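In: Fold the following, please.
(one chain, ligands or ions: 1)
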Amino acid sequence: MDAAQRERYSRQILFSPIGERGQERLLASHAVIAGCGALGSFHAGALARAGVGRLTIIDRDYVEPSNLHRQFLFEEADAEAALPKAAAAARRIARINSSVAVRSAIADLTPSNVEELLGGAGIILDGTDNFETRYLINDFAVSRGIPWIYGAAVAAYGLTMPVIPAHTACLRCVYPEPPSGAQPTCETSGVLGPIVAAVASLQVADALRILCTGEVHSRITTLDMWGGIVRQVEGPARDPDCPCCAHREFPHLEERARPPVSLCGRDAVQVGGAGSIDLAALASRLEPLGPVRVNEYALRAQFSGYQVTVFADGRAIIKGTGDTGLARSLYARYIG
Ligand SMILES: [Zn+2]
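Out: As a prediction, this is how the structure comes out:
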């Protein structure tokens, strides 16, 4: 650590459980933020400020005006330009702490890219909004012995739980199967900025502690930020029969065909792409149909009452329908 770093992080170094040794560890650490929406954008900003040396930020979506009341890193200009969240976050972090090496992955985290995106992580922070991805993260993290921190927030409620493989219960010790049926989402039940900040802050505190010391207090925290209620229970014991961390079965790492996904409550469908796409060439094909905007990350076109955003990896988000069959057909007709 040089003199400038010592000064920059001095108030964190003075906190004795971190100290100079902990700060050195943070500077040498690599954290992966899986999902850069409300929770993830808080994680990214806070970890960059704390001096975590490398950040990988994964997100599949773009910034919209309705994100801005709770997604702390993003600004009006990001929504206006419909920037992918992973790219907008990387730009902002470069202004917050230019010494942090940021890798932004504009991608859907799937079994086929999980190794590439999470493989080198010292810790993984859950900023996702769905159980499918959390079970994928849990299987991967347990299989590799990487700590991760579950977090969720909707309406005024939130929950967080750290997982250190082989030491604490994993997600499947607590919830053996993903919940079935419709779950409340931010799009259907709304969400408050303070619950996001509170859950994400607990996750970041656990992440810093794990990176500095390798340890964390195992517990589940639930919060109701409107009622002002915080509840904590001791982390449950590991299930000696857990299929994941006891029997080491990792079904969520197996590649399955990914059907189009209806994005809950958003009147939009995500269609997975077959591979990288030439956005400039696609823009010239779509221009006769209606307005098209394109930048280095994504293309946005409006036609026939739909708004279609296509990312460079071939994925598209088709807004204006919740019908996955129709979305697939629009994709096949207009994109390829
Ligand atoms: Zn387990």
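In: Next up, the contacts around the residue nearest to the spatial centre of the chain.
Out: Central residue of the chain (CA atoms, centre = their mean): residue 35, 1.2 Å from the mean position. Taking CB atoms under 8 Å, 6 or more residues apart in numbering, we find residue 35 in contact with 58, 59, 109, 126, 127, 128, 129, 133. To be clear about C-beta, it is placed using only N, CA and C from the backbone, and glycine gets the same treatment.
In: same thing with residue 224?
Out: Contacts for residue 224 (CB under 8 Å, 6+ apart) come out as 156, 157, 230.
In: Surely the last one is within a strand?
Out: Yes. The assignment for residue 230, made by DSSP: H, G, I helix; E, B strand; the rest coil, places it in a strand.
In: Pull out the buried members of the contacts of residue 224.
Out: Buried subset of those (neighbour count, 16 or more other CB atoms under 10 Å): 156, 157.
In: What are the boundaries of the strands in the chain?
Out: Per DSSP state E, the chain carries strands over the ranges 30-34, 54-59, 101-106, 123-126, 148-154, 157-163, 219-224, 229-234, 261-263, 268-271, 292-294, 298-303, 306-311, 316-319.
In: Would you mind pulling up the elements that the fourth one packs against?
Out: In terms of contact count using 3 or more CB pairs under 8 Å, 6 or more residues apart in numbering; DSSP states H and E, strand 123-126 is assigned the packing partners strand 30-34, helix 38-50, helix 131-144, strand 148-154, helix 193-213.
In: so for the last one, what's the average pLDDT?
Out: Average pLDDT, helix 193-213: 98.
In: circling back to that earlier point, check the contacts of residue 224 against the ion and report the nearest one.
Out: residue 157 (24.2 Å; CB to the ion).
In: Please name the bridge partners of the closest residue to the closest one other than its chain neighbours.
Out: Using CB to CB, 6 or more residues apart in numbering and skipping residues adjacent in sequence, the residue nearest residue 157 is residue 224, 5.6 Å away. Per DSSP bridges, residues listed as beta-bridge partners of residue 224: residue 157, residue 229.
In: any idea how far residue 224 is from the ion?
Out: Counting by CB to the ion, to the nearest Å, the gap from residue 224 to the ion is 27 Å.
In: ok, back up a step: distance to the ion and mean neighbour count added to the helices and strands packed on strand 123-126, as CSV?
Out: Below are these laid out as CSV (distance: least, CB to the ion, whole Å; neighbours: other CB atoms under 10 Å):
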stretch, distance to the ion, mean neighbour count
strand 30-34, 19, 26
helix 38-50, 22, 27
helix 131-144, 7, 21
strand 148-154, 12, 26
helix 193-213, 18, 22
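In: Can I get the ones you listed in TSV including distance to residue 74?
Out: Listed next are these as TSV, based on distance: least, CB to CB, whole Å:
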stretch	distance to residue 74
strand 30-34	14
helix 38-50	6
helix 131-144	21
strand 148-154	17
helix 193-213	12
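In: Can you name the residues that contact residue 93?
Out: Shown in contact with residue 93 (CB under 8 Å, 6+ apart): 44, 45, 48, 55, 73, 100, 102.
In: Can you pick out the most distant pair from the residues you listed?
Out: Distances among these were taken as CB to CB; the most separated pair is 73 and 100, at 13.0 Å.
In: Need the phi and psi values for the closest residue to residue 112 other than its chain neighbours.
Out: Nearest non-adjacent residue to residue 112, counting by CB to CB, 6+ apart: residue 255, 5.6 Å away. Main-chain dihedrals, residue 255, degrees, to the nearest 10: phi -70, psi 130.
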